[in-house]
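> Kindly return the folded structure for what I paste below:
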Amino acid sequence: MTIREVELNPCFLTPKRVKPEYPLLVYLPGMDGTGQLLRSQTAGLEAGFDVRCLAIPRKDLNTWDVLAKSVLDLIDAELEKSSQRPVYLCGESFGGCLAMKVAIQAPYLFKRIILINPASSFRLRPWLNWASQLTYLVPSELYDVGALGLLPFLASLPRISRSDRHELLKTMRTVPLETVHWRLSLLREFDIDNKQLGRLTQPVLLIAGGSDRLLPSVTEVKRIANILPNSKIVVLPNCGHACLLEENINLYEILKVNNFLESNADIGRGLQGRG
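Take a look at the predicted model:
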């Protein structure tokens, strides 16, 4: 995937080794929209999945519905190559909101869904809602300083390696201020029909950082669990908002421990169906 393609339209970042015989795992990223911050988890996930990370252009100012349609179009394109395999949908923070929008548009498509610190609780934290509106007053030359100040709220810094801290800050700074304003406005306005959400009958794993200083993620996953008919909550006690960057967190192992992986028999049946 070229830089130019990423800048023009939402696309999937594809690992060097494509594994069409494995279940497809689609990861929808946080506010940065790059998909690059999943890198510390990719090797583990590739033990059982064919991984795709959504990359949203830095200057993309589309609505939730347009973004959701783009994701579904990208998934359809993947499934044209291998239609019988199961699809896992994984959304983190901003991507957790997008994942819910995608899932209610195509509830039949996903075998299982994973939501990690979904930012659907944004409106429930009044000070954050208010502060986000003040970002319009921040001069662009001060945005880098603001990103640095936000870092302790985004992540449990002592639990993240120096290189990953640097990568997180660098990634935050690549997003133009206009795009930050737009994505914050999407979070302020985010709304989803609880009846539609309640029609998602596949297993949903709700993961929350117990020490999330940015959003009330534990409260939010409990609220969502009350709507979904087939959900399970996992609280990571000492983790912050950007929990997948933390050194002792292995998403593949979390899925394994919580019986959230396809069995070999299921994968085999899927392959027979393709034959």
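> All the helices of the stretch 101-250 of the chain, residue numbers only.
Here the stretch 101-250 of the chain has its helices, by DSSP state H, counting those that start in this stretch, at 126-133, 143-154, 162-174, 177-189, 194-197, 217-225.
> contact partners of the last one?
With contacts defined as C-beta atoms under 8 Å, 6 or more residues apart in numbering, helix 217-225 is touched by 115, 117-118, 120-121, 124, 197, 204, 206-210, 212, 231-233, 235, 241. Where C-beta positions appear, they are placed from N, C-alpha and C, glycine not excepted.
> The same query, at a cut-off of 10 Å, please.
Residues from elsewhere that reach helix 217-225, judged by C-beta atoms under 10 Å, 6 or more residues apart in numbering: 93, 96, 100, 115-122, 124-125, 192, 194, 197, 204-212, 216, 231-237, 239-241, 243.
> try the fifth one
Under the contact criterion C-beta under 10 Å, 6+ apart, helix 194-197 has outside partners 100-101, 103-105, 107, 120, 204, 223-224, 226-229.
> that older thread, are any of the contacts of helix 217-225 buried, and which?
93, 96, 100, 115-122, 125, 192, 197, 204-209, 211-212, 216, 231, 234-236, 239-241, 243 (16 or more other C-beta atoms under 10 Å).
> Name the next helix or strand downstream of the helix ranked longest in the chain, please.
If you go by DSSP state H, the chain has its longest helix at helix 64-79. Next in sequence after helix 64-79, counting helices and strands by DSSP states H and E, comes strand 87-92.
> what angle separates the longest helix of the chain from helix 177-189?
Per axes from the mean of the first three to the mean of the last three C-alpha atoms, to 10 degrees, the angle that helix 64-79 makes with helix 177-189 is 100 degrees.
> and helix 64-79, which residues are buried?
For helix 64-79, by 16+ other C-beta under 10 Å, it's 64, 67, 68, 69, 70, 71, 74, 75, 78.
> Looking at the residues you listed, spot the one nearest residue 87.
residue 75 (6.5 Å; C-beta to C-beta).
> Would you agree the closest one is in contact with residue 89?
Yes. Residue 75 sits in contact with residue 89 when judged by C-beta atoms under 10 Å, with a separation of 8.5 Å.
> Pull up the overlap in contacts between the two.
Between them, residue 75 and residue 89 share the contacting residues 24, 26, 102, 106, 109, 110, judged by C-beta under 10 Å, 6+ apart.
> would you turn those residues into CSV with neighbour count?
Formatted as CSV, those follow (neighbours: other C-beta atoms under 10 Å):
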residue, neighbour count
24, 23
26, 25
102, 27
106, 16
109, 17
110, 22
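> So which of those sit within strands?
Under the assignment DSSP state E, the shared contacts of residue 75 and residue 89 contribute 24, 26 to strands.
> In a markdown table: the shared contacts of residue 75 and residue 89, plus pLDDT and distance to residue 247.
Formatted as a markdown table, the shared contacts of residue 75 and residue 89 follow (pLDDT from 0 to 100; distance: C-beta to C-beta, whole Å):
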| residue | pLDDT | distance to residue 247 |
| --- | --- | --- |
| 24 | 96 | 27 |
| 26 | 97 | 25 |
| 102 | 98 | 30 |
| 106 | 96 | 35 |
| 109 | 96 | 33 |
| 110 | 97 | 30 |
